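# Build me a model:
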Amino acid sequence: MKRFAFLLALFVQFNPLFCQDNFSALYLKLQQGESKAVIDTLSTVAKDTSYKNQGVLLLLGDAYKFQYDYTNALKYYIRVLKYNESNKRALESISDMYSLLGESQMTIKTLENLYLLDSSNNRIAFKLATAYQSNSNVKNALKLCKKIYQIDSGNYIITKTLGDYYWSLRNNDSSLYFFNKAEKINRKSTYTKLMISRILFDNLDYNSAKIFASRGVDMDSSSVQLRKQLANCCFKLKDYSEAIPHYIFLFEQGDSSENNLRKIGARLFFTGNYEMCIPWFEKSLEYDQKNSETLFYLGSALSETGKYSEALDYLLMAYSVLLPDAEVAYIVKNQTGQTLSNLKRFEEAYIAFKEASKYKPEDINLIYQMAMMKGLQQGSKNLTEAEELLNKYLKALGEKNGALSKEELKMKSDAEVYLEKIKEELFMKTK
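Now for the predicted structure:
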């Protein structure tokens, strides 16, 4: 066999006509995975740097490429250009090798030379656009893709790529336009559905975003990205029960991140599954013990299940690690007051409600809560303060514009009854 290869090499070297007429047989060997045999056959011939047969050099380059020896492949492709600078086949192969070797600038330079030779070739133009984009030159990539699109507007890949480029430039309107076009060209694409959903989500159109994410999941329920997108849409629409299985799917697929664990816990919390959500929050805290949101929800869930002492610990921790966010601080302090009230620590609960009112003074229900905490304690001073607070609450309620809600009407009635009771108690204490 070695002798045959050697004789064949000699024949190739001294019979150019054979090379022309029999390349198909050698290429067939290459396609059948016998690239090493092709190299063994032709490398002896091409070892001489003065050898000029471009067909053989290209074939050797291909054989080395099939062997994943990109450096040697590049060497033979470059040798072709010494004899023919405008050899398009060699230029394209050289650009491919530079790309595989991670030499982005040389990839671009070679493709630019090739594009100058053949600017009507959309495939080369698209390769150059991709090289620009990989080198963070999105504007040049976009410019080339738009030229291709003008010629071939029905091409799904080009249309979708324009959507990608505009998305990377944060031009949501143009990105959505091209992704919608791509979606019409290829209805079976889950990628376009995902991207359209993401853009609509960013535009706060959660209902439409959910529709496209759902369509994508219907086509490919195993897609992590689509399931995550659908879960986030459900959450924004407060469809918590619908969101839970998608977040659990992400967990089962290996997403045990603090963020995903907290999301599962939160969705269970919002659906009233307080016992079930506690373990998820506890797992989440193993990754980040100072996440105020996790601490708050865990404390609230424990409070809802009657574990008030444990709940209080987490609520106090949540407050201690808070950033100066008035809205979050108000929520935590309000929940802390309710938990302390359940523990019958009325004065501490009063202080918590009072602190909550500093963050949100327009919440007049906090005045009612403070009055109740004072009224549940002994002594004329506490009762007097409760009386003042109830009067203040009823006055604020009377100054509200519009009709009172059912809950407000009930609280008003309770406040009036309790106020009369306090007045009687204070009167009796003066006797």
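# Flag the shaky bits of this protein, pLDDT-wise.
Along the chain, segments meeting pLDDT under 70 span 1-23, 48, 322-324, 429-431.
# residues making contact with the longest helix seen in it?
Counting by DSSP state H, the longest helix found in the chain is helix 406-430. Helix 406-430 is contacted by residues 365, 368, 371-372, 375, 380, 383-384, 386-387, 390-391, 393-394, 397, 400, 404 when judged by C-beta atoms under 8 Å, 6 or more residues apart in numbering. All C-beta atoms are positioned from the backbone trio N, CA, C, and that covers glycine.
# And stretch 127-141, by the same measure?
The set of residues external to stretch 127-141 that reach it, using C-beta under 8 Å, 6+ apart, is 92, 95, 99, 104-105, 107-108, 111-112, 114-115, 142, 144-145, 148, 161, 165, 168-169.
# Just the buried ones from those?
With burial judged by 16 or more other C-beta atoms under 10 Å, the buried subset of the contacts of stretch 127-141 is 92, 95, 99, 104, 107-108, 111, 114-115, 142, 144-145, 148, 161, 165.
# Show me where the chain has its strands.
For the chain, no strands are identified by DSSP state E.
# Going through the contacts of helix 406-430, which ones are buried?
Listed as buried from these are Asn365, Tyr368, Ala371, Met372, Gly375, Leu383, Ala386, Glu387, Leu390, Tyr393, Leu394, Leu397; burial here means 16+ other C-beta under 10 Å.
# Tell me the one of those residues nearest Pro245?
Nearest to Pro245 among the buried ones among the contacts of helix 406-430, counting by C-beta to C-beta, is Asn365 at 35.4 Å.
# if we take the buried ones among the contacts of helix 406-430, which one ends up nearest to Gly216?
Asn365 (43.0 Å).
# Give the closest residue to that closest one in space, chain neighbours not counted.
Distance criterion C-beta to C-beta, 6 or more residues apart in numbering; nearest residue to Asn365, sequence neighbours excluded, is Met411 at 7.1 Å.
# what comes into contact with stretch 156-169?
The contact list for stretch 156-169, computed with C-beta under 8 Å, 6+ apart, reads 122, 126, 129, 133, 138-139, 141-142, 145-146, 148-149, 152-153, 172, 174-179, 181-182, 185-186, 189, 191-192, 195, 199.
# What residues of that stretch count as buried?
Under the neighbour-count criterion of 16+ other C-beta under 10 Å, stretch 156-169 has Ile158, Thr159, Lys160, Thr161, Leu162, Gly163, Asp164, Tyr165, Tyr166, Trp167 buried.
# coming back round to it: could you tell me how many residues sit around the residue nearest to Asn365?
Using other C-beta atoms under 10 Å, the number of residues around Met411 comes to 19.
# Distance check, it against Ala371.
11 Å (C-beta to C-beta, to the nearest Å).
# do the same with Thr271
Per C-beta to C-beta, Thr271 is found 33 Å from Ala371.
# and if you look at Glu34?
From Glu34 to Ala371 the distance is 91 Å (C-beta to C-beta).
# If you tally nearby residues, what's the number for Asp313?
Residues near Asp313, counting by other C-beta under 10 Å: 16.
# Now do the contacts for Leu74.
Counting by C-beta under 8 Å, 6+ apart, Leu74 touches Gly61, Ile94, Met97, Tyr98, Leu101.
# Same check on Ser303?
Ala311, Leu312, Leu315, Gln335, Gln338, Thr339, Asn342.
# Next one: it from Thr339, what distance?
From Ser303 over to Thr339 the distance is 5 Å, taken as C-beta to C-beta.
# Give me the common contacts of these two.
Contact criterion C-beta under 8 Å, 6+ apart; residues shared by Ser303 and Thr339: Ala311, Leu312, Leu315.
# so the first one sits right up against Ser300, yeah?
Translated: Ala311. Yes - applying C-beta atoms under 8 Å, one finds Ala311 in contact with Ser300, separated by 7.1 Å.
# could the buried ones among the contacts of helix 406-430 go into TSV alongside distance to Ile264?
Output for the buried ones among the contacts of helix 406-430, formatted as TSV (distance: C-beta to C-beta, whole Å):
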residue	distance to Ile264
Asn365	31
Tyr368	35
Ala371	39
Met372	35
Gly375	40
Leu383	46
Ala386	42
Glu387	47
Leu390	42
Tyr393	39
Leu394	43
Leu397	39
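# need the helices for the stretch 101-250 of the chain, in chain order.
Ranges of helices within the stretch 101-250 of the chain are 104-117, 122-134, 138-151, 156-168, 172-185, 190-202, 206-219, 224-236, 240-252, based on DSSP state H, counting those that start in this stretch.
# To Ser86, which of those helices lies closest?
helix 104-117 (5.7 Å).
# Show me the contact partners of that closest one.
Residues from elsewhere that reach helix 104-117 (C-beta under 8 Å, 6+ apart): 86, 88, 91-92, 94-95, 98-99, 121, 124-125, 127-128, 131-132, 134-135.
# quick one: that helix to helix 122-134, angle?
Put simply, helix 104-117 runs at 150 degrees to helix 122-134, going by axes from the mean of the first three to the mean of the last three C-alpha atoms, to 10 degrees.
# and the angle for helix 104-117 with helix 138-151?
30 degrees.
# next one: helix 104-117 to chain centre, how far?
With C-alpha atoms, centre = their mean, to the nearest Å as the basis, helix 104-117 stands 34 Å off its chain's centre.
# Dump it to PDB, keeping only the CA atoms.
Taking C-alpha atoms only, helix 104-117 is exported to PDB below (Å, rounded to 0.1, in the frame of the first residue of the first chain):
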ATOM      1  CA  SER A 104     -10.300  37.700  14.200                       C
ATOM      2  CA  GLN A 105      -8.500  40.600  12.600                       C
ATOM      3  CA  MET A 106      -6.900  38.400   9.900                       C
ATOM      4  CA  THR A 107     -10.300  36.700   9.400                       C
ATOM      5  CA  ILE A 108     -11.900  40.100   8.700                       C
ATOM      6  CA  LYS A 109      -9.000  41.300   6.500                       C
ATOM      7  CA  THR A 110      -9.200  38.100   4.300                       C
ATOM      8  CA  LEU A 111     -13.000  38.300   4.000                       C
ATOM      9  CA  GLU A 112     -12.800  42.000   3.100                       C
ATOM     10  CA  ASN A 113     -10.300  41.100   0.200                       C
ATOM     11  CA  LEU A 114     -12.600  38.400  -0.900                       C
ATOM     12  CA  TYR A 115     -15.700  40.600  -0.800                       C
ATOM     13  CA  LEU A 116     -13.900  43.200  -3.000                       C
ATOM     14  CA  LEU A 117     -13.400  40.500  -5.600                       C
END
